[in-house]
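Visitor: Take this sequence and fold it.
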Amino acid sequence: MPLIRDVLAGKHEGQPVQLHGWVYRHRTSGGIVFCTLRDSSGVIQCTVKKGVVPDADFEQAKEANNEASVIITGTPAKDPRAPGGWEVKSSAFQLVGKSPDFPIQENQSTELLLDKRHLWLRSRKLTNMMRVKAVMLRGFRAWFDENGFWETTPSVITTNACEGGSTLFTFDYFGQKAFLSQSAQMYLEALIFSLDKVWCLTPSFRAEKSRTTKHLTEFGHLEAEEAWVDYQGNMDIQEQLVAHVAQKVARECEAELVELGREPADLRKVTTPFPRITYDEALERLRKKGFDMKHGDDFGQPHERALMEGAEKPMFVTLWPEEIKAFYMALDGSGKYVRCADLLAPEGYGEIIGGSERSQDVESMKRRLMREPDTDLAAYEWYFDLRKYGSVPHSGFGLGTERVLAWLTKAEHIRDATPFPRSINRAYP
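Guide: Sure, this is the predicted structure:
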């Protein structure tokens, strides 16, 4: 069964083809029906003429409204007036599934498109987004495979917090208090003692009451952990991974990127090494740009955007004050900073990766954990055990797949980087 992209590439010129798809656009003019057909690979114009196709087929063609499923048989021919420069002159038309009164028309509200997300997924925009996402995920997996990492499958049900208790989704697990995972990091740390370098792709959940363009309550979390690697080597791995995927997407998704508004040439500039600055250096840059900030302040979206103004590739911000970072991050020699790095994407897309060297000091981790109210240290005993039995220097990171995709495709909102976005006011459909 040929795909539309193969016809548009000229592979079937002058040869009869049978195309299966859905009506993207439809209009009738006298004895001819103009039907733009779409499938997963593209769109193409088809003409159905009365007297050329059987009368019953012509009547079906007239009845085929937007999003009706059809099978069209015909011969492709070059036509510069048609979208894509090709037209299929139909010899047969079969209406497979009717689509009366398709509820999505032009210029619909965002809320309606979210309510009808199960239908809006058919749009060219979201089709292209999902195609790019598939290539991006293949790129991540290929890089890990080629660099000696083992893919693993940690649980998303846990009894301990990784990123702070205030953003946990809590539920009753057969009488026991449990949480939906914020991160698989701790489980990956356990796995490095047998597999050295591991990674996973799981859903993570954050109960953040945020309405920004870059937050979801459920997101794809790609995480990796590496034995015998310090935080500098951890950044080396991250930049190689991101550059590999950016190049792959630019190479394999050129048409989709252009249609989404991203120039592939932008992504070809994403090469290693990435710039690296410390938190203190970043703070000084922000002050010079007019931000009133004191040491220990975290960065928000305006700060990240200002830091990346004019940048063509991501940048690491390293060595953050320990009081604003997680308990498991290794302290530097001064004890005031942690050996971590946030990777910021250009064009205001903000943090796409957070990573660090992991602490091996159990007492330090316990003290920092106790800053969180209602912390149950007993829930972390298994994690502390990892430091008691053959601990090694190790590092890891977590990457938000939707944030990376939003940057790669120049999306206006992260909700378009996932099929069914979940936010503080939406769990339907």
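Visitor: Which parts of the stretch 51-200 of the chain are strands?
Guide: 69-78, 86-97, 150-151, 157-158, 169-173, 176-180, 197-205 (DSSP state E, counting those that start in this stretch).
Visitor: got the contact list for the second one?
Guide: The set of residues that contact strand 86-97 without belonging to it, under CB atoms under 8 Å, 6 or more residues apart in numbering, is 7-8, 10, 16-17, 19, 35, 37, 44-49, 52-54, 57-58, 60-61, 63-64, 68-79. Where you see a C-beta, it was placed from the backbone N, CA and C, and this is true even at glycine.
Visitor: average pLDDT for that strand?
Guide: Computed over strand 86-97, the mean pLDDT rounds to 98.
Visitor: Tell me what angle that strand forms with strand 69-78.
Guide: 170 degrees (axes from the mean of the first three to the mean of the last three CA atoms, to 10 degrees).
Visitor: mind listing what's buried in strand 86-97?
Guide: Trp86, Glu87, Val88, Ser90, Ser91, Ala92, Phe93, Gln94, Leu95 (16 or more other CB atoms under 10 Å).
Visitor: Could I get the average pLDDT for stretch 358-370?
Guide: pLDDT averaged over stretch 358-370 gives 96.
Visitor: Go through the strands of the stretch 51-200 of the chain and name the closest to Asp376.
Guide: strand 176-180 (8.9 Å; CB to CB).
Visitor: quick one: which of the buried residues of strand 86-97 is nearest Pro419?
Guide: Using CB to CB, these come closest to Pro419 at Leu95, 27.4 Å.
Visitor: ok, for that closest one, nearest residue in space, not its chain neighbours?
Guide: Spatial nearest neighbour of Leu95, excluding adjacent residues (CB to CB, 6 or more residues apart in numbering): Gln60 at 4.0 Å.
Visitor: Kindly format the C-alpha coordinates of stretch 246-260 as CSV.
Guide: Listed next in CSV are the C-alpha coordinates belonging to stretch 246-260 (Å, rounded to 0.1, in the frame of the first residue of the first chain):
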residue,chain,number,x,y,z
ALA,A,246,19.2,17.6,17.2
GLN,A,247,21.3,16.6,14.2
LYS,A,248,19.1,13.5,13.6
VAL,A,249,15.9,15.4,13.7
ALA,A,250,17.3,18.1,11.4
ARG,A,251,18.4,15.5,9.0
GLU,A,252,15.3,13.2,9.0
CYS,A,253,12.4,15.6,9.7
GLU,A,254,13.2,18.6,7.4
ALA,A,255,9.7,18.8,5.9
GLU,A,256,7.9,18.4,9.3
LEU,A,257,10.2,21.0,10.9
VAL,A,258,9.6,23.6,8.1
GLU,A,259,5.8,23.1,8.3
LEU,A,260,6.0,23.6,12.1
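Visitor: Contacts for that stretch next, please.
Guide: 42, 124-125, 128-129, 131-132, 135-136, 138-139, 142, 263-268, 270-271, 408-411.
Visitor: Name only those of the residues you listed that count as buried.
Guide: 42, 125, 128-129, 131-132, 135-136, 139, 264, 266-267, 270, 408-409, 411.
Visitor: quick one: Pro2 and Gly74, what's the gap?
Guide: Counting by CB to CB, to the nearest Å, the separation of Pro2 from Gly74 is 11 Å.
Visitor: Between these two, which has more neighbouring residues?
Guide: Gly74 (22 against 16; other CB atoms under 10 Å).
Visitor: right, and the more buried one touches Gln15 too?
Guide: No. Look at Gly74 against Gln15 with CB atoms under 8 Å: they stay out of range, at 10.3 Å.
Visitor: quick one, helices of the stretch 51-200 of the chain?
Guide: Under the criterion DSSP state H, counting those that start in this stretch, helices of the stretch 51-200 of the chain are mapped to 55-63, 110-115, 117-120, 124-146, 185-195.
Visitor: Relative to Glu312, which of those is closest?
Guide: It's helix 124-146; of those, that one is closest to Glu312 (CB to CB) at 19.1 Å.
Visitor: Output the contacting helices and strands for the closest one.
Guide: Packing partners of helix 124-146 (3 or more CB pairs under 8 Å, 6 or more residues apart in numbering; DSSP states H and E): strand 197-205, helix 231-252, helix 254-260, helix 401-409.
Visitor: so which of these is the most packed in?
Guide: Most buried of the helices and strands packed on helix 124-146, by mean neighbour count (mean count of other CB atoms under 10 Å): helix 401-409, with a mean of 25.
Visitor: Alpha carbons of that helix, as PDB, please.
Guide: Provided in PDB are the C-alpha atoms of helix 401-409 (Å, rounded to 0.1, in the frame of the first residue of the first chain):
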ATOM      1  CA  THR A 401      11.200  14.800  26.500                       C
ATOM      2  CA  GLU A 402       8.300  17.200  25.900                       C
ATOM      3  CA  ARG A 403      10.500  20.200  26.700                       C
ATOM      4  CA  VAL A 404      13.100  19.000  24.300                       C
ATOM      5  CA  LEU A 405      10.600  18.400  21.600                       C
ATOM      6  CA  ALA A 406       9.000  21.900  22.200                       C
ATOM      7  CA  TRP A 407      12.400  23.400  21.600                       C
ATOM      8  CA  LEU A 408      13.300  21.300  18.600                       C
ATOM      9  CA  THR A 409      10.000  22.100  16.900                       C
END
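Visitor: average model confidence for that helix?
Guide: For helix 401-409, mean pLDDT rounds to 98.
Visitor: what packs against it?
Guide: helix 124-146, strand 218-227, helix 231-252, helix 254-260, strand 337-345, strand 350-357.
Visitor: Columns distance to Gly390 on top of these, output as a markdown table?
Guide: Shown next, in a markdown table, are these (distance: least, CB to CB, whole Å):
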| stretch | distance to Gly390 |
| --- | --- |
| helix 124-146 | 24 |
| strand 218-227 | 10 |
| helix 231-252 | 20 |
| helix 254-260 | 46 |
| strand 337-345 | 21 |
| strand 350-357 | 17 |
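Visitor: do you know which of those lies nearest Arg285?
Guide: Among the helices and strands packed on helix 401-409, the nearest to Arg285 by CB to CB is strand 337-345 (12.0 Å).
Visitor: Would you mind listing the outside residues contacting that closest one?
Guide: By CB under 8 Å, 6+ apart, strand 337-345 touches 230-231, 234-235, 238-239, 242, 274, 276, 279, 304, 307-308, 314-322, 325, 329-332, 350-357, 403-404, 407.
Visitor: Next: stretch 105-113.
Guide: In contact with stretch 105-113 (CB under 8 Å, 6+ apart) are residues Pro103, Ile104, Trp120.
Visitor: Stretch 168-175 now?
Guide: Ile157, Ala161, Lys177, Ala178, Phe179, Leu180, Gln182, Phe205, Ala207, Thr217.
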